[in-house]
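A.B. asks: Quick one, what's the 3D model for this:
(one chain, ligands or ions: 1)
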Amino acid sequence: MTDPERNLRRQIIDTCRQLEARGLNQGTSGNVSVRCGADPAAGFFLTPTNLPYDRMEPADIVHVTLDGQCTGRCRPSSELPFHLAIMQQRRDAVAVIHTHSTHATTIACLRKDIPAVHYLVGLFGGSNLRCAEYATFGTPELSASLLRALDGRRAALMANHGLVVIGAGLAQALALTTEAETLATLYWRALCAGQPVVLPDAEMAEVVKKFRDFGYGPVDAASRKP
Ligand code: 13P
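C.D. replies: Coordinates of the predicted model:
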């Protein structure tokens, strides 16, 4: 294993431990992937299945090629199919984080989208965070419904399951995951307290444009190939 490779594997593990420290995942729930380089042919690294984050070592991280071939001493995450589908179809995805964070998953259990109850929804590329239709974990059906919900967005809820976030790197994906959970918390609290006011689409279009100029860059459509 080369030093840069070991470093990237460590960054995945650090991200997993940050997710746990921030209360966004625990134990073995969730999973994380990151591309191995700018060339899509380099493939990506993915966390192994069912291994607690506090016991994970660089050699446990699995390498996956863009046609889905896995190499490593551990089995890949059971959510390999959707990490692979996102890496194949979203060129803006350098890192992917999946959590079962409490408030995002609460909204996902209600099978609701998160509407523009706060302008920071625009960080994710549009006027809402959609909730993907339910499908069994690890199935091609889940990958398909998730890609639809992620169209033009950096995040989507997964019905009765959790949250998926796309980032331009591990640091951005972690920051956006924290933000998505905060937005879900605000929405849930607003629903408990009354009738949340949703910002109009024209205002959200302005917000999304400002975030793009701010340095977040454009969000890819799920239908485009890398
Ligand atoms: P893995 O341990 O297989 O990654 O599964 C965790 C999970 O959250 C499945 O959705």
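A.B. asks: Kindly provide the whole-number mean pLDDT of stretch 186-201.
C.D. replies: Averaging pLDDT along stretch 186-201 yields 98.
A.B. asks: buried ones in that stretch?
C.D. replies: 186-188, 198-199 (16 or more other Cβ atoms under 10 Å). Where you see a C-beta, it was placed from the backbone N, CA and C, and this is true even at glycine.
A.B. asks: Okay, now the unreliable bits of this structure?
C.D. replies: By pLDDT under 70, the low-scoring segments of the chain are 217-218, 220-226.
A.B. asks: Count the neighbours of the closest residue in space to Ile13 that isn't next to it in sequence for me.
C.D. replies: In space, Ile13 comes closest to Met56 once its chain neighbours are excluded; the distance is 5.0 Å by Cβ to Cβ, 6 or more residues apart in numbering. Look at Met56: counted by other Cβ atoms under 10 Å, it has 20 neighbours.
A.B. asks: Next, see if the longest helix that the chain contains gets close to the ligand.
C.D. replies: In the chain, taking DSSP state H as the definition, the longest helix is helix 170-193. No - using Cβ under 6 Å from any ligand atom, helix 170-193 stays clear of the ligand, coming no nearer than 13.3 Å.
A.B. asks: Pretty sure the residue nearest to Ile13 sits against Asp14.
C.D. replies: No - using Cβ atoms under 8 Å, Met56 is not in contact with Asp14; the gap is 10.1 Å.
A.B. asks: what residues are up against Tyr119?
C.D. replies: Applying Cβ atoms under 8 Å, 6 or more residues apart in numbering to Tyr119 gives the contacts 199, 203-204, 207.
A.B. asks: brain fart, Asn128
C.D. replies: Here Asn128 is in contact with 113-116, 121 (Cβ under 8 Å, 6+ apart).
A.B. asks: what's the closest of the residues you listed to Thr28?
C.D. replies: Ile114 (26.0 Å; Cβ to Cβ).
A.B. asks: so how many other residues sit close to that closest one?
C.D. replies: Neighbourhood size, Ile114 [other Cβ under 10 Å]: 26.
A.B. asks: and what of Gly162?
C.D. replies: Gly162 has 23 nearby residues by other Cβ under 10 Å.
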